[in-house]
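S.K.: Test case, fold it:
(chains A and B)
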There are 2 protein chains.
Amino acid sequence: MRAAVMRDARLLVDTLPDPVPGPGEILVRTLACGICGSDLHALRHAPRMVEAARESGVPFTLDPARDVVMGHEFCAEVLDFGPHTQRALGRGTRVVSMPLTADASGVQAIGYSNDYPGGYGELMVLSELFALPVPDGLATEDAALTEPMAVGVHAVAKARLEAGDAPLVIGCGPVGLAVIAALRLRGAGPIVAADFSPARRALAERMGAHVVVDPARQRPIEAWQAAAGARPAVLFECVGVPGLLHQLMRDAPREARVVVAGVCMEDDRIRPMHGINKELSLQFVLGYTPEEFAGTLASIAEGSIPVAPMVTGRVGVDGVPGAFEALARPDAHAKILVEPWR
Amino acid sequence: MRAAVMRDARLLVDTLPDPVPGPGEILVRTLACGICGSDLHALRHAPRMVEAARESGVPFTLDPARDVVMGHEFCAEVLDFGPHTQRALGRGTRVVSMPLTADASGVQAIGYSNDYPGGYGELMVLSELFALPVPDGLATEDAALTEPMAVGVHAVAKARLEAGDAPLVIGCGPVGLAVIAALRLRGAGPIVAADFSPARRALAERMGAHVVVDPARQRPIEAWQAAAGARPAVLFECVGVPGLLHQLMRDAPREARVVVAGVCMEDDRIRPMHGINKELSLQFVLGYTPEEFAGTLASIAEGSIPVAPMVTGRVGVDGVPGAFEALARPDAHAKILVEPWR
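M.R.: The predicted structure follows:
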């Protein structure tokens, strides 16, 4: 199959052997797969990512010295079945899935695995257990956004919002936009959202933000205070670069809860006295539960999570390296979909 | 009055003008005042402490270039009254108080103020509003431990313990010992506590720890796992030196809650991926509420918070500089009481 491959910390297009479904697995054809900011990080920081996972005791078996086909935000079509499969979802069924599978070697992250290629290639192997059928009438590209939107649903669930809590979303990339949609789904507000990019601020409004702020003109916390007054603050860090957590802790109001949804793969420096003086809490979040993933698909299908504004570009396999370069300039894009059949 | 004074980042003994109670204030004679680890930090890092407070928006008016009489863990005796006082607590009444007062200049922290000397001097001025009478039969030196024990009660309250949560206390200095006592008061367990010092591990057992561990011989988290198995982890950071939060986040089990009760006044480096991969939460804590302070005094009086093991030394005003030096070697001491009348 044709695929965009991470090889020696570079991204190139090559022809690889077709993957073969094992016991309990299905072979699928990739219809659409979003490019995730974590993949841009991984291309630069894969060894550090592996080291941090190992130190944390997280099962994660990626070898950065071997080929990896990334892509974990996908919608696909069932092509064939491995041994010992139920086959309740027949050939031609469109499916989405949490990007996880388990074989004899342990848990594998589809798209961050040497053995399970992700959606930047024409074919994937999924665990039949995790495959969910895409409801009729839901566009393939909307279904492909289930994974990134579930990240927002989970981050908001971990915030344990109470009545009166007022959110501030720092960063309106895909994670921030997903958080905004999930906040809107819960009826939280006013939702204040900050991003340097005018295009992303416009997207944030389309996703449900009530107030948007340009940090170059006004400190986000000031815009939040103007909108929320003395209400309890729940701050969502959706950028994931060193230094941002420090800023947020410095500017946070007393007893604010900070939800860290940005994925910062580098070490970071904080000033603990900011946390201590104001009794801040930080909740780091990752991924979603199976229930949240399925619930997100249902919410997208019924139109209560908007996704249409998210997609700002489409490429074939050959366009993946260029799309990575385009995404490094965050002004221009939110989500670029890879459609390997193009 | 005679007092131990922080002057030009050094501690010396001098004679200062007696403080004069203003409206709503009372003049008291210091009977006993514990030396707090934060005072050792403050002696070295006062300008940084002031800067962090200012950045955090905390009202804190200390000028490190002027004299400060530290000491905020005190029991005292009422001597006289300022104007506009109720005088419900008569002369000779023993009192404890949260180390806070408010005058025309704003909120002041007794013991971290240029205007309100703390308990390392013979006399103090307190807000009548915050003074609590010491119950008859409660020893003065036990009452003086209300403040540090309230810190533990508050830290444990902020942990929002649920049934089955299993605590690990890192560091068995006064803060760690207070946390252990507060955990025991709530019936939490098994309480696992770690400290390099054999003397402090022995104190931890007397305060209520079920298991103590020497980090030089075994990683604290391993001792915790042996005692707690797969129960939810609540880790109390009670050391407050750079690097410790990183270690704790690296070693914490999945979904652990970390309560940061140690007061680290320097910048610190963390690896966010540890927090993200394991969805950790951090709750920074400081101080206590008025209700927690009063409740701690009552618990000490009824014997449900043990305090006798805490006091490992007593000095007069002249002994304060030497006591600071002794406390810099954490093996020998937990709490040294200053008794300025000596």
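S.K.: Show me which residues of chain A sit near chain B.
M.R.: Counting by CB under 8 Å from any CB of the partner chain, the residues of chain A close to chain B are A:48-49, A:52-53, A:55-58, A:158, A:240, A:245, A:250, A:253-254, A:260, A:263-286. In this view, the C-beta of every residue, glycine as well, is placed from N, C-alpha and C.
S.K.: From the residues you listed, keep the buried residues only.
M.R.: A:48-49, A:52-53, A:56, A:58, A:158, A:240, A:245, A:250, A:253, A:260, A:263-266, A:268, A:270-286 (16 or more other CB atoms under 10 Å in any protein chain shown).
S.K.: Which residues are in contact with the closest residue to A:G262 other than its chain neighbours?
M.R.: Spatial nearest neighbour of A:G262, excluding adjacent residues (CB to CB, 6 or more residues apart in numbering or on different chains): A:G240 at 2.9 Å. For A:G240, the contact set (CB atoms under 8 Å, 6 or more residues apart in numbering or on different chains) comprises A:37, A:41, A:171, A:175, A:262-265, B:272.
S.K.: Can you list the neighbours in contact with stretch A:176-185?
M.R.: A:148-153, A:155-157, A:167, A:169-170, A:172, A:189, A:191, A:193, A:195, A:200, A:203-204, A:207-209, A:236, A:238-239, A:261, A:299, A:304-307, A:309-310, A:334.
S.K.: quick one: the residue nearest the centre of chain A from A:V28, how far?
M.R.: In chain A, the centroid-proximal residue (CA atoms, centre = their mean) is A:P148; its distance is 3.7 Å. A:P148 sits at a distance of 19 Å from A:V28 (criterion: CB to CB, to the nearest Å).
S.K.: same question, A:P135
M.R.: 17 Å.
S.K.: Compare these two (neighbour count), which wins?
M.R.: A:V28 (26 against 13; other CB atoms under 10 Å in any protein chain shown).
S.K.: tell me which element the residue in the stretch 1-150 of chain A that chain B sits nearest to is part of?
M.R.: Of all residues in the stretch 1-150 of chain A, A:A52 sits closest to chain B, with a separation of 3.5 Å (CB to the nearest CB). Using DSSP states H and E, A:A52 maps to helix A:37-56.
S.K.: who touches that helix?
M.R.: A:6, A:9-11, A:60, A:62-64, A:68, A:70-71, A:111-112, A:173-175, A:240, A:263, A:265-266, A:324, A:327-328, B:250, B:271, B:273-274, B:277-278.
S.K.: after it, next one along is what?
M.R.: strand A:73-81.
S.K.: Look up how far A:H274 lies from the residue in the stretch 101-250 of chain A that chain B sits nearest to.
M.R.: Proximity of the stretch 101-250 of chain A to chain B (CB to the nearest CB) peaks at A:R250, 5.4 Å away. Separation of A:R250 from A:H274 (CB to CB): 5 Å.
S.K.: do the same with A:A216
M.R.: A:A216 is 23 Å from A:H274, by CB to CB.
S.K.: go on, A:I35?
M.R.: From A:I35 to A:H274 the distance is 34 Å (CB to CB).
S.K.: go on, A:E222?
M.R.: 17 Å.
S.K.: Also A:M1?
M.R.: Taking CB to CB, one finds A:M1 at 50 Å from A:H274.
S.K.: Now A:A4: closest residue in space that isn't a chain neighbour?
M.R.: A:V320 is the one closest to A:A4 (CB to CB, 6+ apart), at 3.5 Å.
S.K.: check contacts around that neighbour.
M.R.: Per CB under 8 Å, 6+ apart, neighbours of A:V320: A:4, A:11, A:13, A:35, A:120, A:338.
S.K.: JSON lines for the residues you listed, including neighbour count?
M.R.: Shown next, in JSON lines, are those (neighbours: other CB atoms under 10 Å in any protein chain shown):
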{"residue": "A:A4", "neighbour count": "30"}
{"residue": "A:L11", "neighbour count": "20"}
{"residue": "A:V13", "neighbour count": "16"}
{"residue": "A:I35", "neighbour count": "26"}
{"residue": "A:Y120", "neighbour count": "30"}
{"residue": "A:V338", "neighbour count": "29"}
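S.K.: Among those, which pair sits farthest apart?
M.R.: A:V13 and A:I35 (14.4 Å; CB to CB).
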